[in-house]
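*Asks:* Below: sequence and its predicted model.
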Amino acid sequence: MIGYCELLLEDTSTDTGYTRDLERIKFAGWQLLTALNTYLGEQSLSNRSLDTSKLQQDLRTPVDHIIGYSELLMEQAQSQERTDILQDLQRIHGAAANWLQRMEAALLALNDSKGLPSPEAISSNPENSQNIETQRPANSTEPQIAAGLGEHILIAEDDPLNLDILRRRVERFGYKVTTVGDGHSAWLELQKGGYDLVLLDMIMPIMDGFELLQHLRTDQQLKLIPVLMISGVDQESSIVRCIEAGADDYLMKPVNPVFLRARICACLERKRLRDLEQRTHAALLESQSLLAEELAEASRYVSCLLPSPLNHAHVVVSWHFQSCSQIGGDGFGYRWIDSDHWAFFLFDVCGHGVGAAMLSISILNVLRTLSLPDTDFKSPKSVLTGLNTAFPMESHNEQYFTCWYGVYSPSTRLLRFGSAGHPPALCIEDNTSTPLRTQAPPIGCMDSAKFQEASRILSNSCKLIVISDGVYELERKDGTTATVEDFSSWYIAQQDLGNPITAWEWAKRTSVREKLDDDFSIMQIIFN
């Protein structure tokens, strides 16, 4: 290796662009020779307690330099078609690779036996005698891997020559590179942000690569940065330790440029996908936030359509409404048709959410403004028939609704009422409950549906409780479902304590679920 390097340096035809790296190869060759003389001298061979990890490090580092710079120069010679220089560079590279194989085989045996290798074990090994130059021809075709997209990569390596080789190699791949010489400097550099990948040497001063990796994986801002560990220590325990600590991949020195490029591309591709996932998630959260704001605005609009509690000489009304979603499908209201006819209603649209709420708003506006054509709003039968004509389910996204509608005359205390598939209203008089309803299908289901109305004279201080089925259809702890009779019995037992708010508290206690499955709507009307 030293000889061919000196020949190239002495050759006046060698371009000066090769000189600096050739000098580095020559220097590394002398470093290797010095290490061999140091470790394989008689005194070292007699020292059976020699640090084998330091031996491996000192023997491998110069070889890494030789292989790295020779590969850079081989690529340069190929691009310039300098076949004369290329042949000698291939010989240097092949000799270094051959040496590395023989040395690793000897060091493996050393680790097993805890003894020192003999000079013969390193200088001659028939299993590794094949020239590496023939295994990697200069004109071999490397896999085509996409070039870098300008991502910023931090390289942390304490050996200046290895650092230089890695930097130049990664820059040739098309990436922006920043270099540091120890783990602490890398940590400070990463705090600045803007890095897409870290190439991290395992053994460094001040803070080693494993310690820095642990810091990264516990830092909320930096924990997702991919880390590619690089080490000259070929031990499975070290590899497993790094992967378990969160390293994305692991490369051995000397770093094969094909593997290096492939691993960098794979790490960055995973980061791109993760970044895309995070951006998509952020966009989804923003979209959900905007949707929640719009739904909240819609909910406020629906709430403003609901009537205020009423305290009139003839009727006193209180109510409670709780949607099972942000906006519900229940609606209710009341108004004076004339001085002696007070109309009130409660309906429940099938389903929940935006679709149900939109239909609910339409129904509310029709009933609040008495805008059904050819309809007598003093007649429950006429109103239910008019609603059935105006809201056929095939014209409203297959949605239908139930409804209870009543008209009260204070002068006669006569209540006329009708219902369409809706739970009965509960007439509370003298601690007894009488269900008020008429038989008919929900509104919108059948064009030919027939609706009825009934009437009842109300006593003084009579209470009428108009509800949706969400008030009482509650799953209990024993697996059964509460009924309207259960609710009626509870309400009568409350005597003067029964009201819409206590009914809501009863529903929450009765249901096994924290959140009710249906909208909760209740009106309490006291007829004076």
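*Replies:* Thanks, I have the structure now. Just so you know, these numbers come straight off a predicted model, no measurement behind them.
*Asks:* secondary structure class for Gly94?
*Replies:* Three-state assignment for Gly94 (DSSP: H, G, I helix; E, B strand; the rest coil): helix.
*Asks:* do you know how far it is from Arg60?
*Replies:* 17 Å (CB to CB, to the nearest Å). Using the backbone N, CA and C atoms, a C-beta is placed for each residue, glycine as well.
*Asks:* Same check on Lys515?
*Replies:* For Lys515, the distance to Arg60 - CB to CB - is 64 Å.
*Asks:* Look at these two and report which has more neighbours.
*Replies:* Ranked by neighbour count (other CB atoms under 10 Å), Lys515 and Arg60 place Arg60 first, with 22 against 9.
*Asks:* Spit out the contact partners of the residue nearest to His314 when sequence neighbours are not counted.
*Replies:* With sequence-adjacent residues excluded and distances taken as CB to CB, 6 or more residues apart in numbering, His314 is closest to Pro410, at 4.0 Å. By CB atoms under 8 Å, 6 or more residues apart in numbering, the contact list for Pro410 reads 314-315, 340, 342.
*Asks:* From the residues you listed, pick the one nearest Gln494.
*Replies:* Val315 (20.7 Å; CB to CB).
*Asks:* What confidence value was assigned to Lys477?
*Replies:* Looking at Lys477, its pLDDT is 91.
*Asks:* Oh, that last question was meant for Ile66, not what I typed.
*Replies:* 91.
*Asks:* What about Lys192, how many residues nearby?
*Replies:* Quick note: Lys192 (other CB under 10 Å) scores 9 neighbours.
*Asks:* now swap in Ser468 and tell me
*Replies:* Using other CB under 10 Å: Ser468 sits among 26 other residues.
*Asks:* Okay, now the unreliable bits of the protein?
*Replies:* In the prediction, the chain carries residues with pLDDT under 70 at positions 12, 14, 40-50, 52, 107-148, 233-236, 325-326.
*Asks:* Mind splitting it into its structural domains?
*Replies:* As assigned by automatic domain parsing, the chain contains the domains 2-135, 152-277, 306-527.
*Asks:* then the helix or strand where Ala507 lies to CSV, C-alphas only?
*Replies:* According to DSSP states H and E, Ala507 maps onto helix 500-510. Extracted in CSV, the C-alpha atoms of helix 500-510 (Å, rounded to 0.1, in the frame of the first residue of the first chain):
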residue,chain,number,x,y,z
PRO,A,500,-86.6,19.2,33.7
ILE,A,501,-83.2,19.6,35.5
THR,A,502,-83.9,16.8,38.1
ALA,A,503,-85.1,14.6,35.1
TRP,A,504,-81.7,15.1,33.5
GLU,A,505,-79.9,14.1,36.7
TRP,A,506,-82.1,11.0,36.9
ALA,A,507,-81.2,10.1,33.3
LYS,A,508,-77.5,10.4,34.1
ARG,A,509,-77.8,8.2,37.2
THR,A,510,-79.9,5.6,35.4
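*Asks:* Packing partners of the helix or strand following that helix?
*Replies:* Next along the chain after helix 500-510, taking DSSP H and E as the criterion, comes strand 520-527. Under the contact definition 3 or more CB pairs under 8 Å, 6 or more residues apart in numbering; DSSP states H and E, strand 520-527 sits against strand 315-322, strand 330-338, strand 341-349, strand 462-467, helix 500-510.
*Asks:* Could you dump those into JSON lines and include mean neighbour count?
*Replies:* As requested, the helices and strands packed on strand 520-527 are exported to JSON lines (neighbours: other CB atoms under 10 Å):
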{"stretch": "strand 315-322", "mean neighbour count": "19"}
{"stretch": "strand 330-338", "mean neighbour count": "19"}
{"stretch": "strand 341-349", "mean neighbour count": "24"}
{"stretch": "strand 462-467", "mean neighbour count": "24"}
{"stretch": "helix 500-510", "mean neighbour count": "16"}
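*Asks:* could you dump those to TSV with distance to Glu189?
*Replies:* TSV is the format used below for these (distance: least, CB to CB, whole Å):
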stretch	distance to Glu189
strand 315-322	55
strand 330-338	60
strand 341-349	61
strand 462-467	67
helix 500-510	56
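*Asks:* Figure out which of those is closest to Met202.
*Replies:* helix 500-510 (59.6 Å).
*Asks:* Give me the residues contacting that closest one.
*Replies:* So helix 500-510 is contacted by 318-320, 322, 471-472, 474, 476, 482, 486-487, 490-491, 494, 516, 520, 522-524 (CB under 8 Å, 6+ apart).
*Asks:* Now which of those residues would you call buried?
*Replies:* Restricting these to buried positions leaves 319-320, 322, 471-472, 474, 482, 486-487, 490-491, 516, 520, 522-524, with burial counted as 16 or more other CB atoms under 10 Å.
*Asks:* ok, so of those, who is nearest Asp196?
*Replies:* Nearest member of the buried ones among the contacts of helix 500-510 to Asp196, counting by CB to CB, is Leu516, at 48.8 Å.
*Asks:* so what's the residue nearest to that closest one when sequence neighbours are not counted up against?
*Replies:* In this structure, Leu516 finds its nearest non-sequential neighbour in Cys324, 5.2 Å apart by CB to CB, 6+ apart. By CB under 8 Å, 6+ apart, the contact list for Cys324 reads 352, 470, 515-520.
*Asks:* In three-state terms, how would Cys324 be classified?
*Replies:* coil.
*Asks:* do you know how far it is from Ala313?
*Replies:* Distance from Cys324 to Ala313, by CB to CB: 36 Å.
*Asks:* Now do the host helix or strand of Met358 and strand 341-349, the angle between them.
*Replies:* Per DSSP H and E: Met358 is located in helix 354-369. Interaxial angle of helix 354-369 relative to strand 341-349 (axes from the mean of the first three to the mean of the last three CA atoms, to 10 degrees): 170 degrees.
*Asks:* before we move on, back to that, nearest to Leu73 among the contacts of Cys324?
*Replies:* Using CB to CB, the contacts of Cys324 come closest to Leu73 at Lys515, 70.7 Å.
*Asks:* Distance of that closest one relative to Gly328?
*Replies:* 13 Å.
*Asks:* Could you do Leu367 as well?
*Replies:* Taking CB to CB, one finds Leu367 at 17 Å from Gly328.
*Asks:* Can you name the helix or strand that Ala282 falls in?
*Replies:* Short version, using DSSP H and E: Ala282 is in helix 257-305.
*Asks:* Quick one: distance of that helix to the chain centre.
*Replies:* 8 Å (CA atoms, centre = their mean, to the nearest Å).
*Asks:* which other residues reach whichever helix or strand comes after it?
*Replies:* Using DSSP H and E, the helix or strand that follows helix 257-305 towards the C-terminus is strand 310-311. Contact with strand 310-311 is made by 316-317, 334, as judged by CB under 8 Å, 6+ apart.
*Asks:* Out of these, which is nearest to Phe391?
*Replies:* Tyr334 (20.2 Å).
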